[in-house]
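Participant: Sequence first, predicted model second:
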Amino acid sequence: MEEENKRIDEANLEEQKAPEETASEVTAPVEEAPIAAAEEAPVEKKDEAAEEKDEKGKKPITKTKKILNAIVLGVQIAFVVLSITICLVMLLNPKAQDEVSPLGVKLLTVNSPSMDGTEKDSFGVNDLVIAKNPKNGGEGLQKGDIITFKMLEKESGLFIINTHRIDEVITENGFTQYKTKGDANPMQDPGWVSADNVLAVYAFHIKGLGKAIKWVRDGYHFIFVVIIPLGLLLIYNIYLVAQIVVEGKMKKAKVAAAEAAAASARANLSEEDLLRLLKERGIDPAAIKKQDDKTDDTGSDQ
């Protein structure tokens, strides 16, 4: 009887212990989980902030700086276009008035008001006339066409260059001749213009540009308007390229210094601290060791 009572007491004790152990097993992970989460959360936030900082890298460009950069770029583009235009004008406009450029274009600065009329293609003093090579040697032109031709000036006895409109056309014995007249002149020009004396045929004109072209061509203005500004622009762009190269080298130096500092810090850590840090970061130490072994094997093979 006593033995049976003793067994019953022992059974009751085991039943009491069992729920306590079960409760401890259930509650233990629940208590540890928040602690682990609390330890890992700041690390993740810190990493995200560091990545955000690395992605940005540089300070954001202000709106004022963007506007200034756009203005500088616009000025550079405008100046380059202007310089190219002036150079083309100089190349396409031979100094000799009775010549046409190799590309068949002649640029003429208007010096008299004889063509300052009411027609669509009339032009005035200081305009720039763009004319092209006549086809078929000057044959086949019609009344209303504007031509550039050589004309004998009675007062000086010299040939001058004139640009007037064809007012009358006659063809005799296979030869064509033109009677010309300025839009602002009341009478026709004296004499006839033969087809072989036609130097160019009007294409279009640009108001006011002739004066600027003439000024650039006179004296040494071309040097001050084109050569010196182009030289300054070249120096400025060389400075920008040098600045980019220097910044690139400084960035590489900073990265190398950061890598060296990281390697030094890693070397000074104990194995236990290193394992703990890797676990906090969620990195498998076995994978790191495997990667190091693979690197060592590759290096030894080489």
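Facilitator: Alright, I've got the coordinates.

Participant: mean confidence for stretch 217-235?
Facilitator: Averaged over stretch 217-235, pLDDT sits at 81.

Participant: so where does Leu108 fall, helix or strand?
Facilitator: Taking DSSP states H and E as the criterion, Leu108 maps to strand 105-109.

Participant: With Pro229 instead?
Facilitator: Assessed by DSSP H and E, Pro229 sits inside helix 228-268.

Participant: just checking, what packs against that helix?
Facilitator: helix 63-92 (3 or more CB pairs under 8 Å, 6 or more residues apart in numbering; DSSP states H and E). Using the backbone N, CA and C atoms, a C-beta is placed for each residue, glycine as well.

Participant: what's the helix it packs on packed up against?
Facilitator: strand 105-109, helix 209-217, helix 228-268.

Participant: please redo it, this time with the cut-off set to 6 Å
Facilitator: For helix 63-92, the packing partners by 3 or more CB pairs under 6 Å, 6 or more residues apart in numbering; DSSP states H and E come out as strand 105-109.

Participant: For the strand it packs on, buried residues please.
Facilitator: Judged by neighbour count (16 or more other CB atoms under 10 Å), strand 105-109 contains these buried residues: 105-109.

Participant: Give me the buried positions along the next helix or strand after it.
Facilitator: Along the chain past strand 105-109, the next helix or strand (assigned with DSSP H and E) turns out to be strand 128-132. By neighbour count with 16+ other CB under 10 Å, strand 128-132 contains the buried residues 128-132.

Participant: Do I have it right that Ile170 meets Lys179?
Facilitator: No. Taking CB atoms under 6 Å as the definition, Ile170 is not a contact partner of Lys179, at 7.7 Å.

Participant: With neighbour numbers in mind, choose between the two.
Facilitator: More neighbours surround Lys179 than the other of Ile170 and Lys179, with 17 against 10 (other CB atoms under 10 Å).

Participant: so which helix or strand takes in the more buried one?
Facilitator: With DSSP H and E as the criterion, the answer for Lys179 is strand 175-181.

Participant: name the helices or strands packed onto that strand?
Facilitator: Against strand 175-181 (3+ CB pairs under 6 Å, 6+ apart) you get strand 159-172, strand 193-194.

Participant: swap the cut-off to 8 Å and go again
Facilitator: By 3+ CB pairs under 8 Å, 6+ apart, strand 175-181 packs against strand 146-152, strand 159-172, strand 193-194.

Participant: What residues of the first one count as buried?
Facilitator: Spelled out, that is strand 146-152. For strand 146-152, by 16+ other CB under 10 Å, it's 146-151.

Participant: Can I get these in JSON lines including distance to Gln243 and pLDDT?
Facilitator: Shown next, in JSON lines, are those (distance: CB to CB, whole Å; pLDDT from 0 to 100):
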{"residue": "Ile146", "distance to Gln243": "53", "pLDDT": "96"}
{"residue": "Ile147", "distance to Gln243": "55", "pLDDT": "94"}
{"residue": "Thr148", "distance to Gln243": "51", "pLDDT": "91"}
{"residue": "Phe149", "distance to Gln243": "57", "pLDDT": "89"}
{"residue": "Lys150", "distance to Gln243": "57", "pLDDT": "82"}
{"residue": "Met151", "distance to Gln243": "59", "pLDDT": "80"}
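
Participant: Now flag whichever of the residues you listed is closest to Phe159.
Facilitator: For the buried residues of strand 146-152, the residue nearest Phe159 by CB to CB is Lys150; the value is 4.7 Å.

Participant: residues touching that closest one, list them.
Facilitator: Lys150 makes contact with 98, 159-162, 197, 199, according to CB atoms under 8 Å, 6 or more residues apart in numbering.

Participant: and Ala203, that's in a strand?
Facilitator: Yes. The assignment for Ala203 is a strand, going by DSSP: H, G, I helix; E, B strand; the rest coil.

Participant: Could you check how far it is from Tyr178?
Facilitator: According to CB to CB, to the nearest Å, Ala203 stands 18 Å off from Tyr178.

Participant: higher neighbour count, those two?
Facilitator: Neighbours per residue (other CB under 10 Å) separate Ala203 from Tyr178, with Tyr178 holding more: 25 against 13.

Participant: quick one: contacts for that one?
Facilitator: Counted by CB under 8 Å, 6+ apart, Tyr178 has contacts 141, 147, 149, 166, 168-169, 192-193, 195, 198.

Participant: got CSV for these, with distance to Leu233 too?
Facilitator: Listed next are the contacts of Tyr178 as CSV, based on distance: CB to CB, whole Å:
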residue, distance to Leu233
Leu141, 44
Ile147, 40
Phe149, 41
Ile166, 45
Glu168, 52
Val169, 51
Trp192, 52
Val193, 46
Ala195, 47
Val198, 42
